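J.: Turn this into a model:
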Amino acid sequence: MFVMKEQIRQAVEDVWRHHCAALEDALAESIGELQDLLRLDDYKRHRHDPDRLERALGPLAATNLDVGSLSRVLGKGTRSRAIAPERLKRVQELIQTLGEMKQAWSTTSTDFDSVELEKEENEIRELAEEHLNRIARVFRALRIAQLEIRSKYESETHDALFADFDWRQLGPAELRLCPPFVVMARLDGDHGAQLRKMMSLLESRVPMKIAALRSSLREAYSPASDIEVPSTMTIEMLPLAMRGVYFLQTSVADPEFQKHLFEGLTSPRPSVISVLCPHDGEEQAAFQSRAERAVRARAFPMCVYDPDRADGFVMCFDLSSNPSPDVLWITETLSGCDPQGQPVETEEAFTFAHFAASEAEFATELTDPPAVADQLIPMTDYLGFSRRQRVGKLPFVTLAGTDGSIVRKVVSPVLALQCSDRLHLWRTLQEISGIDNPHVNTTRAKLEQESGAQQEALVKNMQQEMEKEAARREQAAVASAMRRLVVRLTGVEPPP
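T.: Numbers count the residues shown, from 1 in each chain. Alright, predicted model coming up:
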């Protein structure tokens, strides 16, 4: 868990550095443009001063012109084009404010603002808003600077507008540039209460980023849980409940892990970033292998829900980071020896139970089959049975043993329940992402059936027409042959 926290921390620090540099550049650019504005105003105010006119006109000014009178005449029009005193003072103060902000950002530490989910909700919200309002003050100054540069700032209108300016007035582009405020949450074990607290925080619409870290994939179910669809909260279903929240579930098994992490941290919306973490003390290579198996087994499906991607919900949901997202299970080939020592190969769907077989926390959930194996049934078949059909059946999975043999292991009811839960979740994700929509499938089957019936009728009609044409040609051939025979026998051409 510590290693993954450090990875999250590093990703956030990268975002911090990127955004701090962007804000510092924006401040420097605004300061430069405002200073150019003051230099232009200074030139307009003093370009007709006597000393400047003398230098500009050279010897001609001293001998042939009254420079003082000329300066007074030309200066009358200049004063009307100069910046008003109150605006001049405002711009000068703004340059000073922007300079102080730039100095502050250039010395800002990359230690990002974060809290643990265990803190009180109100305290988390207050800290998040304080963080965002500190950055909102920078954007407030930048907005005022742009209005001053374009001579669009009007005190009567804008003073009141910017008086109560806070993070709620920031636009999506500005929110993307805000260094993220991160809430760290650990979700191992029974995490229903933590999910409810996360949802309560997200309902505030404060664009905080909740990093939900978990190393264990064992779910805690109540004894009364439905064997087919357990009534438990799952973090993957968060987009259905909160459509305005950015959601990312990822792990190091994702080739674009860092890219997706950056996108989640820079979303202008409240965000949940669910990440699979290594166990304490787990080697990186072992964790990489475990993360890949978890994704293949649909134990930890990777997904992105970005409400800003499209107007339709389905187009906002993306499962493309998963291997073969259009099928239920990934199929693997097991090679080994049967009980007689003969080499065998078998195709096996890689279910959650297969993943659990390599996890120490599930060691007691897989046992050797009984001597009488009449009730054994493959795990994938068992998952397709109704509750009544499952009675008395023992689901099993086929695994490669440590000695190279192919063995069967009986799956416990607890593990079978989680297999069923993960299968139902994966099917749901396929449906809401548009990969396997039952309504679309029904319509497609109906159209194919109708098309097949039309094709069959067309073929039958063509066959009948061909049979009629063949009979007509046969009759014509017989008549022609008879006519030739009559001519040969009688020498008389019969009438047509």
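J.: what about L117, neighbour count?
T.: Number of residues near L117 (other C-beta atoms under 10 Å) recorded here: 18. Where you see a C-beta, it was placed from the backbone N, CA and C, and this is true even at glycine.
J.: what pairs with E345 across the strands?
T.: S335 (DSSP bridges).
J.: residues in contact with it?
T.: T333, L334, S335 (C-beta atoms under 8 Å, 6 or more residues apart in numbering).
J.: what's the pLDDT at it?
T.: Turning to E345, the model gives it a pLDDT of 83.
J.: Distance of it relative to I377?
T.: Counting by C-beta to C-beta, to the nearest Å, the separation of E345 from I377 is 21 Å.
J.: picking that back up, narrow the contacts of E345 to just the buried residues.
T.: Neighbour counting by 16 or more other C-beta atoms under 10 Å classes L334 among the contacts of E345 as buried.
J.: three-state assignment of R388?
T.: With DSSP: H, G, I helix; E, B strand; the rest coil as the basis, the three-state label of R388 is helix.
J.: how many neighbours does it have?
T.: R388 has 6 nearby residues by other C-beta under 10 Å.
J.: Then the one 3 residues further on?
T.: Residues near V391, counting by other C-beta under 10 Å, number 9.
J.: how close does it sit to Q375?
T.: 10 Å.
J.: gap between stretch 320-340 and the chain center?
T.: Its chain's C-alpha centre and that of stretch 320-340 lie 26 Å apart, by C-alpha atoms, centre = their mean, to the nearest Å.
J.: And it, what's buried?
T.: For stretch 320-340, using 16+ other C-beta under 10 Å, the buried residues are S321, N322, P325, W329, I330, L334, G336.
J.: tell me, what residue is most central in the protein?
T.: V304 (2.7 Å; C-alpha atoms, centre = their mean).
J.: residue contacts, the nearest residue to R186 once chain neighbours are set aside?
T.: Nearest residue to R186, sequence neighbours excluded (C-beta to C-beta, 6 or more residues apart in numbering): L213, at 5.5 Å. Counting by C-beta under 8 Å, 6+ apart, L213 touches M1, M4, K5, I8, M184, A185, R186, L187, V275, C277.
J.: Ramachandran angles for L213?
T.: With angles defined as degrees, to the nearest 10, L213 sits at phi -110, psi 130.
J.: So what pairs up with it in the strands?
T.: Bridge pairing for L213 - DSSP bridges - gives R186, V275.
J.: Check what pLDDT it gets.
T.: The model's pLDDT for L213 equals 93.
J.: cool, A479 as well?
T.: Here the pLDDT value assigned to A479 is 69.
J.: Check the gap between D403 and H354 for me.
T.: 18 Å.
J.: who has more neighbours, these two?
T.: Ranked by neighbour count (other C-beta under 10 Å), D403 and H354 place H354 first, with 26 against 8.
J.: If we ignore the residues flanking it in sequence, what's nearest R214?
T.: Using C-beta to C-beta, 6+ apart, the nearest residue to R214 is L187, at 4.4 Å.
J.: what's the answer for W426, then?
T.: R298 is the one closest to W426 (C-beta to C-beta, 6+ apart), at 4.3 Å.
J.: need the contact list for the one you found.
T.: By C-beta under 8 Å, 6+ apart, the neighbours of R298 are N322, L328, W329, T351, F352, R422, L423, L425, W426.
J.: at 7 Å what do you get?
T.: Residues near R298 by C-beta atoms under 7 Å, 6 or more residues apart in numbering: F352, R422, W426.
J.: Just confirm it is within a helix.
T.: No. Assigned with three-state DSSP, R298 falls outside any helix and is coil.
J.: Phi, psi for it please.
T.: Per degrees, to the nearest 10, the backbone of R298 is at phi 60, psi 20.
J.: ok, back up a step: is it possible to get JSON lines of the contacts of R298 that adds neighbour count, distance to K102 and secondary structure?
T.: Below are the contacts of R298 laid out as JSON lines (neighbours: other C-beta atoms under 10 Å; distance: C-beta to C-beta, whole Å; DSSP: H, G, I helix; E, B strand; the rest coil):
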{"residue": "F352", "neighbour count": "28", "distance to K102": "53", "secondary structure": "helix"}
{"residue": "R422", "neighbour count": "23", "distance to K102": "51", "secondary structure": "helix"}
{"residue": "W426", "neighbour count": "23", "distance to K102": "50", "secondary structure": "helix"}
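J.: Of those, which is the nearest to S222?
T.: R422 (17.3 Å; C-beta to C-beta).
J.: so that closest one touches R296, yeah?
T.: No. Between R422 and R296 there is no contact under C-beta atoms under 7 Å: 12.0 Å.
J.: all strands for the stretch 151-300 of the chain, in order.
T.: Assigned by DSSP state E, counting those that start in this stretch, the strands in the stretch 151-300 of the chain fall at 182-186, 209-214, 246-250, 271-276.
J.: got the buried residues for the first one?
T.: Under the neighbour-count criterion of 16+ other C-beta under 10 Å, strand 182-186 has V182, V183, M184, A185, R186 buried.
J.: The third one reaches A211, doesn't it?
T.: Yes. Contact between M184 and A211 holds when scored by C-beta under 7 Å: they sit 5.4 Å apart.
J.: Report pLDDT for D42.
T.: For D42, pLDDT reads 77.
J.: And for it, the neighbour number?
T.: 13.
J.: so is it in a helix, a strand, or just coil?
T.: On the basis of three-state DSSP, D42 is classed as helix.
J.: And it, how close does it get to R309?
T.: Distance from D42 to R309, by C-beta to C-beta: 50 Å.
J.: and what of L195?
T.: L195 is 24 Å from R309, by C-beta to C-beta.
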